[in-house]
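# Please find the sequence and the predicted model below.
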Amino acid sequence: MSQETIRQRVSLQTSSDEIETKSDNISSTNETDHNRSYKHACAIHLKNVPSVLSKEAPPESYRGFLNLAMLILAVSNIRLIIENYLKYGFLISTPGTFVPPEDYIFFPISMLLFPINLLFAYYIEKTTVLPFMTEIKTAKVEDREPKLNPKIQSINKRAAILHTINVSVTLFYPTIFSYFLIFHPVLATFTLFIGVILFLKLLSYALVNRDLRLSQLTGIFASKDIVNLNLDSYTVEYPKNITFANLVYFWFAPTLCYQPSYPRAPERFRPGFFLKRCGELAIACTMMYFLIEQYANPTLKNSIRAMEELSLINIVERVLKLSTTSLAIWLLMFYAFFHSFLNALAEVLRFGDRTFYLAWWNSGSLNSYWRLWNRPVYQWFKRHVYLPLFDLGISPMIASLIVFTISAALHELMVGVPTHAIMGYAFGGMMAQIPLIELTKPLEKWRGKGTTLGNVIFWVSFCVVGQPACVLLYYYQWVITHRT
């Protein structure tokens, strides 16, 4: 066969892979064809093609490297498990072993006090709605302006004062219980956690019902406001939402923002879905307890000497060693609470909107992370703090600063009070997010959303350094406070 025939059989291909495939086909053909037609002069290099790992190359899958990384991670962790066992043995103790007997008394008492605040919030709205609606029906149209009607002003002022007292008490007594009466930090944290949730919920309940009361007045909400604020999506109108059942549903609903009604899931209760989420929750909690007892506690105990001697290199080594365990615990906590628990709760209540989180793990900046990882808290601050401040003419930068200051104070409260170490570490860590946000924000504009550099800065600053350093500092303060 002539050279021209060979050129026709080995045509120009668009990629190196196709060329190799063609060559392989020719080779296999030659094995069965005794009349060899292949010539070594066959052209191989036909086109300008960059190396696969070059920036100019087309997108390529790196799944093999991912498999290798996961294999190395698994092998490294197996080695650490064996090393931990050889060094410490089996450290797992029965849960509740180190809980003082007094905690089993004060913890249930603190839980039983929360429904009182719920009842009082309902009492405030119930005793407010009747005189308010009566005044609207009897007042003239020109007297319905709240600034001009002293009776309406008096009704709203009374409700505001009573709600302020109620939400303040909601946050005050869990703080007292957690700091003075409940010794164990886990039980104290849980008490304060429930208190902060109820505090945020009752604030939302009071603010929303105030706006709904004012919406009954002439000209408060224009038609465009009803559309922009999605007020027409409510299936329950004010004041029909002022029922104790409505408030109890809100108390258990997996949201911090009150609405007279919520979108309901179209399906009936799914036992399989619910049991699966409960199983995930149980497994995740068991794994967290195991990691804390077997890995975190020994690392923290071995860090005390380095902290006392202020040995910087040893402190850095302890922080890095603790970072892997704390990161695993934090990820398990996220999955257990935001996915398993909240979805199980939403399934029982047929709560339809289940965007409890978005894809925060791909965040290219810390600003994106804070908007995506904890949607209930983000939506509460945006709805009840940021947007009202912006509506008053406050700049977005100042409004964001106020939001982070409030959030930092709540973080310090929830960490410092249960550990009996109000040192400002959590507050400072939260406030440090502001310059980091400003640092990583230009990266998204420069490299696009989800930039690798911004994502690495997020993981390093928040999970590799920030969290373990904060845990180490509070643990050290706890130890020196309760050394005796």
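On my side now, so go ahead.
# residues contacting residue 409?
residue 427 (Cβ atoms under 8 Å, 6 or more residues apart in numbering). Placement of C-beta: from N, CA and C, glycine included.
# Over to residue 167?
Residues in contact with residue 167, defined by Cβ under 8 Å, 6+ apart, are 117, 199, 202-203, 206.
# Below-threshold pLDDT in the chain: ranges please.
Across the chain, the ranges flagged by pLDDT under 70 are 1-36, 139-148, 218-232, 444, 447-450, 483-484.
# Report the central residue of it.
Centroid-nearest residue in the chain: residue 374, 2.9 Å away (criterion: Cα atoms, centre = their mean).
# show me the contacts for that one.
Per Cβ under 8 Å, 6+ apart, neighbours of residue 374: 338, 357.
# Tell me how far it lies from residue 416.
Distance of residue 374 to residue 416, computed by Cβ to Cβ, to the nearest Å: 20 Å.
# Likewise for residue 437?
Distance of residue 437 to residue 416, given as Cβ to Cβ: 23 Å.
# I'd like to know how far residue 459 sits from residue 318.
Taken as Cβ to Cβ, the span from residue 459 to residue 318 is 19 Å.
# So which of the two has more stuff around it?
residue 318 (22 against 15; other Cβ atoms under 10 Å).
# Distance check, the more buried one against residue 299.
7 Å.
# next one: residue 54
42 Å.
# who's more crowded, these two?
Taking neighbours as other Cβ under 10 Å, residue 54 and residue 299 compare with residue 299 leading, 21 against 8.
# just checking, the more buried one touches residue 322?
Yes - the pair residue 299 and residue 322 qualifies as a contact (Cβ atoms under 8 Å) at a distance of 5.0 Å.
# helices and strands around the longest helix along the chain, which ones?
Assignment by DSSP state H gives helix 103-138 as the longest helix of the chain. Under the contact criterion of 3 or more Cβ pairs under 8 Å, 6 or more residues apart in numbering; DSSP states H and E, helix 103-138 touches helix 150-176, helix 185-214, helix 244-252.
# gap between the strand or helix carrying residue 414 and the chain center?
Per DSSP states H and E, residue 414 falls inside helix 396-416. A distance of 15 Å separates the centroid of the chain from that of helix 396-416, by Cα atoms, centre = their mean, to the nearest Å.
# Provide a list of residues in contact with the residue nearest to residue 181 when sequence neighbours are not counted.
Leaving aside its sequence neighbours, residue 181 sits nearest to residue 106 (Cβ to Cβ, 6 or more residues apart in numbering; 4.3 Å). By Cβ under 8 Å, 6+ apart, residue 106 lies in contact with 177, 181-182.
# Report the buried residues of stretch 373-390.
373-386, 389 (16 or more other Cβ atoms under 10 Å).
# The residues you listed: which two are farthest apart?
Farthest pair in the buried residues of stretch 373-390 (Cβ to Cβ) is 373 and 389. Separation: 22.4 Å.
# quick check, residue 293 in a strand?
No - under DSSP: H, G, I helix; E, B strand; the rest coil, residue 293 sits outside any strand and is assigned helix.
# Isn't it up against residue 94?
No - under the criterion of Cβ under 8 Å, residue 293 is not in contact with residue 94, lying 10.3 Å apart.
# more crowded one of the two?
Shown here are residue 293 and residue 94; by other Cβ under 10 Å, residue 293 has more neighbours (15 against 6).
# contacting residues around that one?
By Cβ under 8 Å, 6+ apart, residue 293 lies in contact with 91-93.
# cutoff 6 Å now
91-92 (Cβ atoms under 6 Å, 6 or more residues apart in numbering).
# Would you map the strands across this protein?
Here the chain has no strands by DSSP state E.
# still on that earlier bit, need the buried ones from the contacts of residue 167 selected in PyMOL.
To isolate the buried members of the contacts of residue 167 in PyMOL, using 16+ other Cβ under 10 Å:
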select buried, resi 117+199+202+203+206
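# Which single one of the contacts of residue 167 is nearest to residue 332?
Checking the contacts of residue 167 one by one against residue 332 (Cβ to Cβ), the nearest turns out to be residue 199, at 26.4 Å.
# Now do that closest one against residue 154, distance only.
For residue 199, the distance to residue 154 equals 26 Å [Cβ to Cβ].
# coming back round to it: quick one: which of the buried residues of stretch 373-390 sit in helices?
Those of these mapping onto helices are 375-381, 389, per DSSP H.
# so residue 458 touches residue 363, yeah?
Yes - the criterion here is Cβ atoms under 6 Å, and residue 458 meets it with residue 363 at 5.3 Å.
# Common neighbours of the two, please.
By Cβ under 6 Å, 6+ apart, residue 458 and residue 363 have these common neighbours: residue 369.
# Neighbour count for those two, which is higher?
Neighbour count, other Cβ under 10 Å: between residue 458 and residue 363, residue 363 has more, with 26 against 22.
# Quick check: closest non-adjacent residue to the more buried one.
Of all residues not flanking residue 363 in the chain, residue 369 sits nearest, at 4.0 Å (Cβ to Cβ, 6+ apart).
# And for that neighbour, the neighbour number?
Other residues near residue 369 number 22, with proximity taken as other Cβ under 10 Å.
# ok, now residue 429?
Per other Cβ under 10 Å, the neighbour tally for residue 429 reads 20.
# Look up how far residue 212 lies from the residue lying closest to residue 120 once chain neighbours are set aside.
Once flanking residues are discounted, residue 120 sits nearest to residue 166: 5.1 Å by Cβ to Cβ, 6+ apart. Plainly put, residue 166 is 18 Å away from residue 212 if you go by Cβ to Cβ.
# How about the contacts made by the closest residue to residue 121 other than its chain neighbours?
Leaving aside its sequence neighbours, residue 121 sits nearest to residue 202 (Cβ to Cβ, 6+ apart; 5.1 Å). Counting by Cβ under 6 Å, 6+ apart, residue 202 touches 121, 167, 170.
# and if you look at residue 481?
Going by Cβ under 6 Å, 6+ apart, residue 481 touches residue 420.
# Since that was my last question, I'll sign off now.
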